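Asker: What follows is a predicted structure for the sequence shown.
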Amino acid sequence: MNLFKILRRGDFVLLFLFLACAALVAASPLIHPPSEARRVRITCRGEEFGIYPLDKDAEITVTQAGNTNIIAIENHTVHMESATCHNQVCVDTGVISRTGETIVCLPNRVVVEILGPQKGGEDDEGIDAVVK
């Protein structure tokens with residue numbers, strides 16, 4: 001009994017699609033690293049204020065030159081809880097959760113960005129762009 005005579009062209013297409021889907025599911029952790037490996041970097045006036053894990057809820061207060069920003073890390077996401085700036089664009093930005101996303105408070109010069117997984121002690125300084 002010849003297997004190629006029993007199966008039709010559509011059967012091979014379905015088999016190929018099934019195997020392709022299985023390969024994508026298997027490679028998913030490599031394509032989208034788990035959120036535990038990601039970090040949040042906060043810079044203030046061009047200097048690093050701190051790096052925090054994305055998997056631990058926290059509330060960070062950044063105060064400088066009479067200005068205050070409160071950044072909240074909750075459920076593997078980050079948002080600007082409040083800011084003393086006049087336009088509130090940073091607060092209105094909402095929640096970020098993916099590597100490369102940022103929240104910027106221009107009046108207070110505070111930048112919040114999500115970094116990818118740390119690789120052998122290196123930082124993400126080699127990345128100069130993220131395309132979605």
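Answerer: Received, thanks.
Asker: I'd like the next helix or strand past the helix ranked longest in the chain.
Answerer: Determined from DSSP state H, the single longest helix within the chain is helix 9-31. Scanning forward in sequence from helix 9-31, with DSSP states H and E defining helices and strands, the next element found is strand 39-44.
Asker: just checking, what packs against that following strand?
Answerer: The contact analysis (3 or more CB pairs under 8 Å, 6 or more residues apart in numbering; DSSP states H and E) places strand 39-44 against strand 47-53, strand 58-64, strand 67-74, strand 110-115. (Glycine included, C-beta is placed from N, CA and C.)
Asker: most tightly surrounded among those strands?
Answerer: Here the criterion is mean neighbour count by mean count of other CB atoms under 10 Å, and of those the winner is strand 110-115, at a mean of 21.
Asker: and that one, how far from the chain's centre?
Answerer: Centroid separation for strand 110-115 versus its chain: 10 Å, with CA atoms, centre = their mean, to the nearest Å.
Asker: Give me the average confidence score over it.
Answerer: Averaging pLDDT along strand 110-115 gives 95.
Asker: got the angle for that strand vs strand 58-64?
Answerer: Put simply, strand 110-115 runs at 140 degrees to strand 58-64, going by axes from the mean of the first three to the mean of the last three CA atoms, to 10 degrees.
Asker: Sheet partners, orientation included, of strand 110-115?
Answerer: Paired strands of strand 110-115, with direction, are strand 39-44 (antiparallel), strand 102-105 (antiparallel) (DSSP bridges).
Asker: Of the ones you listed, give the one that comes closest to Asn67.
Answerer: Across the strands paired with strand 110-115, the minimum distance to Asn67, taken as CB to CB, is reached by strand 102-105, at 8.4 Å.
Asker: Could you pull out the buried residues of the closest one?
Answerer: Under the neighbour-count criterion of 16 or more other CB atoms under 10 Å, strand 102-105 has 103, 105 buried.
Asker: can the helices and strands packed on strand 39-44 go into CSV with extra columns for distance to Val95?
Answerer: Formatted as CSV, the entries for the helices and strands packed on strand 39-44 read as follows, by distance: least, CB to CB, whole Å:
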stretch, distance to Val95
strand 47-53, 16
strand 58-64, 15
strand 67-74, 9
strand 110-115, 11
